[in-house]
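In: Need the 3D shape of this:
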Amino acid sequence: MKYICLIYGAEAAGPQSAEEGEALGKAYWAYTEELQSAGKMVAGEALEAVATATTVRVREGETLTTDGPFAETKEQLGGFYLVDCDDLDEALAWAAKIPGALTGSIEVRPIMNVM
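Out: Numbers count the residues shown, from 1 in each chain. Alright, predicted model coming up:
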């Protein structure tokens, strides 16, 4: 079964120095390698800063775009991993290893099987 692990964190609370940024990058790289080696990784990507987001809405046939995210929140979506696990417990165990779980939160949701 596939699960998405959405990584949320406060952008302002990100690495404060080049050394912290490098250490965080290494932690993510090590996690990604572990996930790939276990055959559990389907996909994963980091997202650009929330300031680069554009929100799209269609109302009464008119497309409206707004710079920025849909909602003002303390934590922003920063990236994701799509994992293939046997069950939710295994997906949660992998989510707990994501470096962002130490300072933010990881939302784990099953992928809907429509076929």
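
In: longest helix of the chain?
Out: Longest helix in the chain by number of residues, with DSSP state H as the criterion: helix 18-37.

In: model confidence over that helix, on average?
Out: For helix 18-37, mean pLDDT is 95.

In: Dihedrals phi and psi, residue 93?
Out: Dihedral angles of residue 93 (phi, psi; degrees, to the nearest 10) stand at phi -60, psi -40.

In: For the chain, list the residue farthest from the centre, please.
Out: Computed with C-alpha atoms, centre = their mean, the residue of the chain farthest from its C-alpha average is residue 60, at 32.0 Å.

In: just to revisit the earlier point, on contacts alone, who are the packing partners of the longest helix of the chain?
Out: When contacts are defined as 3 or more C-beta pairs under 8 Å, 6 or more residues apart in numbering; DSSP states H and E, helix 18-37 packs onto strand 41-46, strand 76-84. Using the backbone N, CA and C atoms, a C-beta is placed for each residue, glycine as well.

In: Looks to me like residue 107 is in a strand.
Out: Yes: under DSSP: H, G, I helix; E, B strand; the rest coil, residue 107 sits within a strand.
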